[in-house]
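Q: Could you look at this predicted model? Sequence included:
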Amino acid sequence: MSNTALVPIPSHINRNVSAARQQTMLAVLGNPRAVYSSECQNPTAPQISELIVHEQVGCLKVRGLRPAVESLRQVLGKIEQAHPDVYSALGHAGMLCARFVRNSTTAVSNHSWGTAIDLTLDGVLDIRGDGRVQQGLVKIAPIFNDGGWFWGAGFRTEDAMHFECSDDLVRSWAVDGKLGNPARAAAATASLLSLGDRGPDVAKVQTALNRNGSQLLVDGEFGRNTLAAVMAFQASRHLVADGVVGEKTLAALFS
């Protein structure tokens, strides 16, 4: 079977890794730009720009956040050893790209920090949202997961070409002082979901909110409807109605 052959999404993916929450990215790195659109732009925040590197990483030439590029180098080295056929077919469609998540005006893509990459195989980009994934990506996804990267096939809208540094990996950089500001390390201990986040954890919160009377579409996107539902739930339980899902809100939702 060729690397670009399309197969169903495997049932067990992204074990022990989760997509990086927007609150985590903002807390430990700051906002890349003041204004976003659907088009790629460069970060303007100095604390991020100074961490951007442009390097040859194995078979790929990339531009991204320094610790993400270092991590990618390690992952690609292991792919070269385990799956040389896939490694030789790898290309990419970008790493650093400050923009909104596709079809959103609230969620900022993790490409904005240079911590995500869209891969191609033999020059072919996996089609987003068709529920099928390239066989070559299936082979290398566990290596990315082991390296602390989340595979976009796990998003509600399948995005198998996309790999991004996980929430835990980004937090570890802050704790290890790799983000240039030790004061941000404390923020890495917070576990929050807020406006703009997406992924399975958001879908679980939406499902729990629906069990408590909300009527949300369980799409894994923390948009304004989910924000309003969280705030209403918090108010009903006499919690601070800030729309941020932290420990107290999670405890109330899943009690």
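A: Yes, it's here.

Q: Tell me which residues touch the most centrally placed residue in the chain, please.
A: Centroid-nearest residue in the chain: A19, 3.9 Å away (criterion: CA atoms, centre = their mean). With contacts defined as CB atoms under 8 Å, 6 or more residues apart in numbering, A19 is in contact with N110, F150, G154, F155, E164, S166, D167, D197, R198, G199, P200, D201. C-beta here means a position set from N, CA and C on the backbone, and glycine is covered the same way.

Q: Per-residue pLDDT of I127, please?
A: Predicted confidence (pLDDT) for I127: 95.

Q: thinking again about what came up before, which one of the contacts of A19 is nearest C59?
A: E164 (19.5 Å; CB to CB).

Q: for the closest one, what are its contacts?
A: Per CB under 8 Å, 6+ apart, neighbours of E164: A19, A20, N110, T115, A116, I117, W149, F150, G152.

Q: how close does it get to S38?
A: Per CB to CB, to the nearest Å, E164 is found 18 Å from S38.

Q: D126 too?
A: Applying CB to CB to D126 and S38 gives a distance of 20 Å.

Q: Neighbour count: those two, which is higher?
A: Per other CB atoms under 10 Å, whichever of D126 and S38 has more neighbours is D126, with 23 against 12.

Q: Ramachandran angles for the more buried one?
A: Reported as degrees, to the nearest 10, the phi and psi values for D126 are phi -60, psi 130.

Q: Make CSV from the contacts of E164 and add distance to R132, pLDDT and secondary structure to it.
A: Converted to CSV, the contacts of E164 look like this (distance: CB to CB, whole Å; pLDDT from 0 to 100; DSSP: H, G, I helix; E, B strand; the rest coil):
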residue, distance to R132, pLDDT, secondary structure
A19, 20, 91, strand
A20, 25, 89, coil
N110, 23, 95, helix
T115, 26, 98, coil
A116, 21, 98, strand
I117, 20, 98, strand
W149, 21, 98, strand
F150, 19, 98, strand
G152, 13, 97, helix
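
Q: Point out where this protein drops to low pLDDT.
A: Applying pLDDT under 70 to the chain flags the ranges 181-191.

Q: what ranges do the helices span in it?
A: Using DSSP state H, the helices assigned to the chain run over residues 22-29, 46-49, 66-82, 84-89, 135-146, 167-175, 200-211, 224-236, 247-253.

Q: Touching the longest one from outside, list them.
A: What it means is helix 66-82. 51-53, 55, 57-60, 62, 64, 86-87, 90, 95, 113-117, 140, 143-144, 146-149, 165, 169, 173, 178-179.

Q: Would you write a PyMOL line that selects the buried entries of those?
A: Listed next is the PyMOL selection for buried residues among those, using 16 or more other CB atoms under 10 Å:
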select buried, resi 51+52+53+57+58+60+62+64+86+87+90+95+113+114+115+116+117+140+143+144+147+148+149+165+169+173+178+179
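
Q: Quick check: nearest residue in space to V28, chain neighbours excluded?
A: Using CB to CB, 6 or more residues apart in numbering and skipping residues adjacent in sequence, the residue nearest V28 is A174, 4.1 Å away.

Q: Run a quick neighbour tally on the one you found.
A: A174 has 24 neighbours, counted by other CB under 10 Å.

Q: so E158 makes contact with I9?
A: Yes. With contact defined as CB atoms under 8 Å, E158 counts as touching I9 (6.2 Å).

Q: Name the residues contacting each of those two.
A: Here E158 and I9 have G131, R132, V133 as joint contacts, going by CB under 8 Å, 6+ apart.

Q: So what sits opposite the second one in the bridge?
A: The partner list for R132 in beta bridges (DSSP bridges) reads P8.

Q: related to what we said a few turns ago, please indicate which of the shared contacts of E158 and I9 are buried?
A: Applying 16+ other CB under 10 Å to those flags R132, V133 as buried.
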